[in-house]
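Novice: give me a model of this one.
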Amino acid sequence: MTAQATGLIIAAGSSVRMGGTDKIFTPIYGRPIISYSIQAMEDCVDIESIILVLSSGNLEKGRLLLESTDWSKVTSIVEGGKRRQDSVRIGLSQVGDSQWTIIHDGARPCITPTILRNSIIHASINGSAVAAVPVKDTIKIVDKFLTVSKTPDRKNLWAVQTPQVFETKSLRYAHEKITANVTDDASMMEALGEKVSLFESEYSNIKVTTEEDIKLIKILMNN
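Specialist: Just a heads-up that it's a prediction; the model follows:
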């Protein structure tokens, strides 16, 4: 693929479910979690530049990490906002004229250059690309009393991950128009009636949310 693509790594969360532990710079096998996402983007031939969006307390850590490595694609480190979508909007201001923006959660260290490349190829064909995997479990919809009201057909259910790839100009427009809280950029594009196309990712591409997730990721990396 010849079109320009910029990687936007979002890592400005508060790690509330980690009990206050800073998950982004928690080491796994001697390397901070965020370094795995950076390295994957560095190794993906289709990504020309990388922007890191960090919390205010991690900006200096991010700069020190960058100084200690030979990454050449990281062009800027910026402070994120209160909400995830605020952090993406701030990151977008640094993207420049790249046709595609690849948004990835810095807390997903099992991302690979192959998944990233597949996302860009899929976006170039379908106009967008959202990493996802088919749901394995039966899902129940319940009310506030945990009484089951419906069991949706599992064959139509996919668990969404990152990376999520959209045309930069469309993504900027979405962030200008949608100010209500959303969980990801795909939801924002859906709200505008834009086509959101999934591609099959890997089950190993999990997000670190709790300390148990770190144990699982260590097992996945060993394998």
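
Novice: any chance you could map the helices in this structure?
Specialist: Ranges of helices in the chain, per DSSP state H, are 33-43, 59-67, 84-92, 113-126, 168-177, 185-191, 211-222.

Novice: run the chain-centre distance for the shortest one.
Specialist: This means helix 185-191. Distance of helix 185-191 from the chain centroid (Cα atoms, centre = their mean, to the nearest Å) equals 14 Å.

Novice: which helices and strands sit right next to that helix?
Specialist: The elements that helix 185-191 packs onto, with contact taken as 3 or more Cβ pairs under 8 Å, 6 or more residues apart in numbering; DSSP states H and E, are helix 84-92, strand 128-134, strand 158-167, helix 168-177. For glycine as for every other residue, the C-beta is placed from the backbone atoms N, C-alpha and C.

Novice: quick one: the ones you listed as CSV, columns for mean neighbour count, distance to I50 and mean pLDDT too.
Specialist: Shown next, in CSV, are those (neighbours: other Cβ atoms under 10 Å; distance: least, Cβ to Cβ, whole Å; pLDDT from 0 to 100):
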stretch, mean neighbour count, distance to I50, mean pLDDT
helix 84-92, 21, 10, 97
strand 128-134, 22, 17, 98
strand 158-167, 23, 12, 98
helix 168-177, 16, 14, 97
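
Novice: need these in a markdown table with distance to N118, can you?
Specialist: Shown next, in a markdown table, are these (distance: least, Cβ to Cβ, whole Å):
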| stretch | distance to N118 |
| --- | --- |
| helix 84-92 | 21 |
| strand 128-134 | 8 |
| strand 158-167 | 9 |
| helix 168-177 | 19 |
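
Novice: to E212, which of those lies closest?
Specialist: Nearest to E212 among the helices and strands packed on helix 185-191 is strand 158-167; the distance by Cβ to Cβ comes to 17.4 Å.

Novice: what's that closest one in contact with?
Specialist: Identification of contacts with strand 158-167 by Cβ atoms under 8 Å, 6 or more residues apart in numbering yields 5, 7, 99-105, 108, 111, 115-116, 119-120, 122-123, 127-135, 174, 184-186, 189, 198, 201, 205, 207.

Novice: which among those residues count as buried?
Specialist: Burial by neighbour count, judged by 16 or more other Cβ atoms under 10 Å, picks out 5, 7, 100-105, 108, 111, 115-116, 119-120, 122-123, 127-133, 174, 184-186, 189, 198, 201, 205, 207 from these.

Novice: nearest residue to the middle of this protein?
Specialist: By Cα atoms, centre = their mean, the chain has its centre lying nearest to H104, at 2.2 Å.

Novice: looking at it, that residue is touching G7, isn't it?
Specialist: Yes. H104 lies in contact with G7 (Cβ atoms under 8 Å); the separation is 6.6 Å.

Novice: okay, and the common contacts of those two?
Specialist: Jointly contacting H104 and G7 under the rule Cβ under 8 Å, 6+ apart are M41, L116, P163.

Novice: not counting sequence-adjacent ones, nearest residue to the second one?
Specialist: This means L116. Nearest residue to L116 in three dimensions, chain neighbours excluded: C44, at 4.3 Å (Cβ to Cβ, 6 or more residues apart in numbering).
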